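Colleague: from the sequence below, what's the structure:
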Amino acid sequence: MTITVNSAIPGIDDRVNETTKYLVALDVDGTLVDHDGIMSDAVRVAARAVVDAGHEVIIATGRSLGALVPIVEAIGLRQGYGVCSNGGVTIRLDPSLANGWEIIDRVTFDPAPALTALQERVPGARFALEDAEGNFLSTSRFQDDSFGIEARGVDFHHLLSAKAVRVVVNSTEASTQEFAAAIAEVGLSGVTYAIGWSAWLDIAAAGVTKASALESLRVALGIDLSLTVAVGDGSNDIEMLRWANRGVAMGQAEDHVKAAADEVTASVYDDGVATVLRSLV
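Modeller: A predicted model of the protein is given here:
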């Protein structure tokens with residue numbers, strides 16, 4: 001497996017001496033927005049208050065870049081950092097940049113072994129891949145809002161030759177239990193993955209998680225680990241919840257996610273993340 005990482009993090013040297021109260025890492029789907037993609041007014045107001053208070057707010061999501069940007073804009077976050085593609089891509093936010101952001105770190109891997117192993121074992125599997133240039137390639141007309149852009153249809157073998165940042169596997173035929181069993185049978189190695197609230201699999205490079213990207217930012221920003229807060233609800237948030245000094249699971253999270261957290265707040269439909277954010281201002 002080949003992993004490429006940009007070692008420098010531009011822009012951080014200009015910020016490390018600023019006074020930062022907390023590093024606040026926030027998941028998106030199931031945390032800041034519900035599963036229909038709606039952010040409540042209470043959550044929006046609470047998030048903006050934390051940003052305005054000067055905390056280092058970092059959105060950390062499985063979504064790809066194009067689907068991260070609208071969330072950043074919704075909470076008024078114009079300067080700072082964002083983590084997307086489950087840690088595979090890190091961006092710097094700066095209103096002086098042409099797009100308002102730039103990619104400062106991108107990790108790629110060879111997806112062929114995982115794709116080949118899963119193709120025959122997951123009934124009705126559909127595959128999508130975010131490549132090293134930020135494009136999405138997919139089989140079976142597979143589209144999802146988390147991609148942030150329209151995926152280009154390709155045949156399965158085309159995916160095997162790409163360098164991937166993120167691979168998504170979805171099945172409309174297998175149950176979550178069957179999906180998990182198939183993954184266990186494959187015994188994936190060299191990649192990290194999380195099974196979501198449906199029959200859904202996200203694959204990243206080995207060792208790459210939201211937590212790994214956040215830790216790199218924390219060290220570069222000079223923020224003490226005791227000043228870290230993270231809120232999430234999914235399997236791909238477990239490492240992040242364990243990493244943070246104060247890891248908070250959403251009320252609707254599954255038991256194994258709650259077990260990784262220090263505390264549990266109300267569900268996304270009861271604005272649980274807003275309660276946590278209000279405790280910081």
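Colleague: are we agreed that residue 193 is in a helix?
Modeller: No: using DSSP: H, G, I helix; E, B strand; the rest coil, the secondary structure at residue 193 is strand, not a helix.
Colleague: all strands for the stretch 51-200 of the chain, in order.
Modeller: 56-60, 80-84, 89-93, 101-106, 125-131, 136-138, 152-153, 164-171, 191-195, 200-205 (DSSP state E, counting those that start in this stretch).
Colleague: stretch 132-143: which residues count as buried?
Modeller: Buried residues in stretch 132-143, defined by neighbour count with 16 or more other C-beta atoms under 10 Å: 134, 136, 137, 138, 139, 142. C-betas here are computed from N, CA, C, even on glycine.
Colleague: what is the end-to-end distance of that stretch?
Modeller: Across stretch 132-143, the terminal residues are separated by 19 Å (C-alpha to C-alpha, to the nearest Å).
Colleague: which residues does that stretch contact?
Modeller: For stretch 132-143, contacts defined as C-beta atoms under 8 Å, 6 or more residues apart in numbering pick out 4, 64-65, 103, 106, 108, 126-131, 147, 149-156, 158-159, 162-165, 168, 170.
Colleague: run through the chain and note the low-pLDDT ranges.
Modeller: Within the chain, the stretches with pLDDT under 70 are 1-20, 196-198.
Colleague: the same query, at a cut-off of 90, please.
Modeller: Applying pLDDT under 90 to the chain flags the ranges 1-21, 35, 117-125, 140-149, 170-203.
Colleague: show me how to select, in ChimeraX, the buried members of the contacts of stretch 132-143.
Modeller: Selection of the buried residues among those in ChimeraX, burial being defined by 16+ other C-beta under 10 Å:
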select :64,65,106,108,126,127,128,129,130,131,147,151,159,162,164,165,168,170
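Colleague: helix or strand for residue 230, which one?
Modeller: Assigned by DSSP states H and E, residue 230 belongs to strand 228-232.
Colleague: what angle do that strand and strand 56-60 make?
Modeller: Here strand 228-232 points in a direction 30 degrees away from that of strand 56-60 (axes from the mean of the first three to the mean of the last three C-alpha atoms, to 10 degrees).
Colleague: how about strand 228-232, which residues are buried there?
Modeller: 228, 229, 230, 231, 232.
Colleague: between those residues, which sits nearest residue 186?
Modeller: Top of the list for closeness to residue 186, among these and by C-beta to C-beta, is residue 232 at 25.6 Å.
Colleague: isn't the closest one up against residue 29?
Modeller: No: if you go by C-beta atoms under 8 Å, residue 232 and residue 29 don't touch, sitting 9.6 Å apart.
Colleague: you'd agree residue 123 is up against residue 178?
Modeller: Yes: applying C-beta under 8 Å, one finds residue 123 in contact with residue 178, separated by 7.2 Å.
Colleague: buried set for stretch 269-278?
Modeller: Along stretch 269-278, these residues count as buried under the neighbour rule (16+ other C-beta under 10 Å): 271, 272, 273, 274, 275, 276, 277.
Colleague: neighbours around the nearest residue to the first one once chain neighbours are set aside, how many?
Modeller: Leaving out its chain neighbours, the residue that sits closest to residue 271 by C-beta to C-beta, 6 or more residues apart in numbering is residue 42, at 4.5 Å. When counting by other C-beta atoms under 10 Å, one arrives at 15 neighbours for residue 42.
Colleague: wait, doesn't residue 42 sit right on residue 274?
Modeller: Yes: judged on C-beta under 8 Å, residue 42 makes contact with residue 274 at a distance of 4.6 Å.
Colleague: so how far is stretch 258-274 from its chain's centroid?
Modeller: Averaged C-alpha coordinates place stretch 258-274 at 17 Å from its chain's average position (C-alpha atoms, centre = their mean, to the nearest Å).
Colleague: and the helices in the stretch 1-150 of the chain, which stretches?
Modeller: 41-52, 65-74, 112-119 (DSSP state H, counting those that start in this stretch).
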